[in-house]
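In: Sequence first, then the predicted structure:
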Protein chains: 2
Amino acid sequence: MMTGMGNITNCKTCIYRSYLFSNLQPGDLSRVSLSKKEKEYDPGDIIVRQGDKITSFMYLKSGLLKISRAISDGKNQIISIARPLDFIGLLNVFSNNSYQFGITAIEHSTLCFIDLKLMKDIIGKDGHFALKLLEKMSGMNDMIMHNRLLIDQKNLRGRIAYILLFFSQDVYKKDKFSLPVSRKEIAELINMRTENVIRILSEFRRDRIIGIEGKIIRILDRDKLIRIAEFG
Amino acid sequence: MMTGMGNITNCKTCIYRSYLFSNLQPGDLSRVSLSKKEKEYDPGDIIVRQGDKITSFMYLKSGLLKISRAISDGKNQIISIARPLDFIGLLNVFSNNSYQFGITAIEHSTLCFIDLKLMKDIIGKDGHFALKLLEKMSGMNDMIMHNRLLIDQKNLRGRIAYILLFFSQDVYKKDKFSLPVSRKEIAELINMRTENVIRILSEFRRDRIIGIEGKIIRILDRDKLIRIAEFG
DNA sequence: CGCGGCTTTGATGTTCATCAAGTAAAGTGG
DNA sequence: CCACTTTACTTGATGAACATCAAAGCCGCG
């Protein structure tokens, strides 16, 4: 399950320092640095379960996560795929005592956990830090909402094209990449059935838009894919 | 268009004081009270346009709003219907310089506008206030997201049932009410076509689940409606 | 080695969007 | 205030898009 743990990195040298903790009082930064727990996860590892009590503010240093929630009869809905610098820890930390969704690693990932009480304490004292959190939270929510509203407007081919471009352009920045999720998970992410995910992927392969070898995808005709994604 | 304006109410007696501004420093509360602009809008009045520069923090004291965004070729997508205490002002105030959506009154509404600089100034000084804002923003986003994810899972009949129950139970708390939106707007809100909104409303009337006289809706069989909403 | 979950393709049926056409309501200009 | 235009509403007919059902191969895992 969890394969590593411990304060490997000091916060003072962390990439996130400049991003979120830049203007923190030195004393507060030390407290964060001391309290934080860094953990590593392998693909498939559950990071939080829906309903778990929230005790930490959490952020993703490296890797890839899926955020999902249970719906009726054992089915799942994937809300978003989170990358580093996506402030996954800001989703409902401040509005609920327990997670309204589950988080699972879909690639080897490193997360930092900071005690929530400490965070709230610093927010209470340091308004500039609070404002920065407000900005990040707002941005995170805007992005997720924007993506979901977009997907709602697209037909199935448009959704598949969109998600392929997401992985290729936003996540891996490559033409060739390995899908970190199953066909079923893609279906759960973009509101369609597994069979149709497969069917449309096959169709794209037939039309020489992509190449497929199992999980390996290669974008062959990016322009066409972009056009399909935009049409929806 | 805009039918009223001016500082009608002092913030010290405003219902929102206990909700958001309860522990504000007296000096800050006075500054808010002095700076705030209260405005009234009639149904159809545009409150902000997508792309407008954000200069105020804004909240809805009374009335009903729709939050929408333009999509391709003149079409619209309604993101959410906002009621008083829904913190509409927290949507992307802190993540963007301009509104990513438009806001329109769909009932006679009263809004308060507080200069954004002043808000940020108070947030910077008053961490407890900032934390409260974080909570409200988080809650607002969670609610919208939750509703949209739910709607995605329902079939058309389920969506119509859901939206009728929303107006009946959450907004008007009555069996009989006047729809504040057109059939077309309902379609834009729950991702379907106007014709199908009408068709399913007619079907519900035929099945004696609701009564319809133009915009007036009467819930006749709430239990059945709830079952339909849940099935989707 | 066998079981369960993932993947794939085909066949079938339902749901929904689209097109069409007409009525009603509401705003607009003379 | 009335003709005119536009917008909202409504119903029916049609076809496309999508879900569902079924069956079989594959793969990883205990």
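Out: Noted; the coordinates are in hand.
In: Give me the buried positions along the top helix by length along chain A.
Out: Identified as the longest helix of chain A according to DSSP state H is helix A:127-153. Buried residues in helix A:127-153, counted by 16 or more other C-beta atoms under 10 Å in any protein chain shown: A:127-142, A:144-145, A:147-152. Backbone N, C-alpha and C define where each C-beta goes, glycine included.
In: Stretch A:180-191 too?
Out: A:180, A:181, A:183, A:185, A:186, A:187, A:188, A:189, A:190, A:191.
In: where's the residue nearest the centre of chain A relative to residue A:60, distance?
Out: The residue lying closest to the centre of chain A (C-alpha atoms, centre = their mean) is residue A:82, at 0.9 Å. In this view, residue A:82 and residue A:60 are 6 Å apart by C-beta to C-beta, to the nearest Å.
In: what touches both of these two?
Out: residue A:88 (C-beta atoms under 8 Å, 6 or more residues apart in numbering or on different chains).
In: number of nearby residues for residue A:34?
Out: 11 (other C-beta atoms under 10 Å in any protein chain shown).
In: Need the three-state assignment for it.
Out: helix (DSSP: H, G, I helix; E, B strand; the rest coil).
In: Need the pLDDT of it.
Out: Looking at residue A:34, its pLDDT reads 86.
In: hang on, the earlier thing: what is the subsequent helix or strand relative to the longest helix of chain A?
Out: Where DSSP states H and E defines the elements, the next helix or strand beyond helix A:127-153 is helix A:156-165.
In: now the strands: where do they sit in chain A?
Out: Using DSSP state E, the strands of chain A run over A:4-5, A:37-41, A:46-48, A:56-62, A:65-70, A:76-82, A:102-105, A:109-115, A:176-178, A:210-213, A:216-219.
In: Buried residues, the fourth one. List them.
Out: Within strand A:56-62, the residues that count as buried by 16+ other C-beta under 10 Å are A:56, A:57, A:58, A:59, A:60, A:61.
In: Could you check how many residues crowd around the nearest residue to residue A:60 once chain neighbours are set aside?
Out: With sequence-adjacent residues excluded and distances taken as C-beta to C-beta, 6 or more residues apart in numbering or on different chains, residue A:60 is closest to residue A:84, at 5.1 Å. Residues within reach of residue A:84, counting by other C-beta under 10 Å, total 18.
In: so residue A:84 sits right up against residue A:62, yeah?
Out: Yes: assessed by C-beta atoms under 8 Å, residue A:84 is found in contact with residue A:62 at 5.5 Å.
In: Pull up the residues of chain A that are close to DNA strand C.
Out: Within chain A, the positions near DNA strand C by C-beta under 7 Å from any atom of the strand are A:182, A:183, A:184, A:194, A:195, A:198, A:199, A:201, A:202, A:212, A:214, A:215.
In: picking up where we left off before, closest to residue A:46 among the buried residues of stretch A:180-191?
Out: residue A:185 (14.2 Å; C-beta to C-beta).
In: And that closest one, how far from residue A:67?
Out: In terms of C-beta to C-beta, residue A:185 sits 12 Å off from residue A:67.
In: okay, and the common contacts of the two?
Out: residue A:78.
In: show me where pLDDT drops low in chain A?
Out: Where chain A drops to pLDDT under 70, the residues are A:1-10, A:15-18.
In: and it, what are its domains?
Out: A:4-147, A:154-231 (automatic domain parsing).
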